[in-house]
Structures are given as C-alpha cells and as structure tokens.
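Undergrad: Provided below for reference: sequence and predicted model.
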Amino acid sequence: MALISARTIITSISLFHITLGFFFLTNPNTVADQSIVYLLGEAMGLPQVRSFETQSPALAFLAVVLAIIGISDLVTLSLPDEMPDHHWAMQAPLRLSLSFALSSYAFFFSASSPLYAAPGANTSPNSSSRFIHPSAHTHSPPGYNVSGWGGDALKNRVFFTFMFVETVSWFWIWVTLQEERRDTAARKAHRRGSYSM
C-alpha cells in the first residue's frame, strides 16, 4: 500500500499547475526567484533569463494553459471510481515520458551540457570538435542563443526546474498507480476466493 495515494499526488500536481498559472499571470518573477529554481539552475549551469521579470503576452498564455490543465485534471479526478484509474494509467507514463524528454533537452542541448565543450576546453589529441555547442562562437549575452529556432528559449532554469519537478511527480504517480493496481487486484482475488467458499 502506498503511503500517499495517486489521487492525492495528482490533486497536488493539479493545484501546483493552477498556482503556477496564477503567478505567471500576476507576477512571473516570483516563480523565477524561487530557491529551487536557483539551486537546480546553478547545479546544472543553466542560464537565468530576464524575460520572467515582467509580464508578457506569452506568459499570460502560459498561465491560462497551465490553469486549464490543472482544472481539467481536477475534474478528471471527480469521475466515478474506475474511470480515473484507466485514464491516469495512460496519462502518467505519457506525461512522464514527455517531461523527461523536455528536461533532458533543456540540459543536454544547453551551453552547459557535457555534450558540448567550449573551444579550447579539451585540448587532448583524442578530443573531437564535433561536440562544440553552436552558440559557443556567438558574442551574445549569457543565456541567449542566436540560432533562429524557438527551442533555444527552453534552455533556462525555470523551464528545466518545471520539467524536472514534472518528471519526478509523474514518475511518483506512475509507481503509485502500479502499487494501487496490484493492491486492487489482490483485494478482488481475495473477494472472489471468499465468495467461492
């Protein structure tokens, strides 16, 4: 039996999404100034972006999307007993995979990635120059990549922290759902055994 039920964890992550939506709408700098964002950003060497200091139409759009996701997840939890179990059995691995892929992208393709070395950082004869990060030769401010592709804007502390928390949460939900499914199957088998006697 799980210590915390999957329903409780999903309720918490839904309220987390609604809360993030509220802060992205009213004061996005509050999210960027959180200690977990700073800690994970510094540990991973990710840049701090200044676009969270002021409100913008993109952040307002993000706030509405996060609030809608949180509210729809809460509504899904209010369905009859069997329906949410089947829904979340499909949603948990999907959301886990997506959040893991996006957090991996935010780290492994950033300028601080171990895949990319700055020019001259490793001068051993066996080193390969094919892993030099595309932004290593630009003279732009730290944390800003001029590549023309919008995906570079995802390589920052706030996005990585959000996706990391999502990955951990959805993994926890997925494991808890597996435990609850085994417990439910054992209870049903026990009931069938007691009815047959």
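TA: Sure, I can see it.

Undergrad: Tell me who's in contact with the residue nearest to the spatial centre of the chain.
TA: With distances taken as CA atoms, centre = their mean, the residue of the chain nearest its centroid is Met163 (1.8 Å). Going by CB atoms under 8 Å, 6 or more residues apart in numbering, Met163 touches 99-100, 102-103, 106. Using the backbone N, CA and C atoms, a C-beta is placed for each residue, glycine as well.

Undergrad: What sits closest to it if chain neighbours are left out?
TA: Among residues not flanking Met163 along the chain, Ser103 sits closest, at 3.6 Å (CB to CB, 6 or more residues apart in numbering).

Undergrad: tell me which element that neighbour falls in.
TA: Assessed by DSSP states H and E, Ser103 sits inside helix 82-108.

Undergrad: Next SSE downstream of that helix?
TA: helix 157-196.

Undergrad: What sits closest to Ala6 if chain neighbours are left out?
TA: Counting by CB to CB, 6+ apart, the residue nearest Ala6 is Thr176, at 4.3 Å.

Undergrad: Next one: the one you found from Leu79, what distance?
TA: From Thr176 over to Leu79 the distance is 18 Å, taken as CB to CB, to the nearest Å.

Undergrad: what's the average pLDDT for stretch 30-37?
TA: Mean per-residue pLDDT for stretch 30-37: 93.

Undergrad: Other residues contacting it?
TA: In this structure, residues lying in contact with stretch 30-37 by CB under 8 Å, 6+ apart are 20, 23-24, 48-49, 52-53, 157-158, 161, 165.

Undergrad: Kindly indicate which of those residues lies nearest Gly151.
TA: Nearest to Gly151 among these: Val49, at 14.0 Å, using CB to CB.
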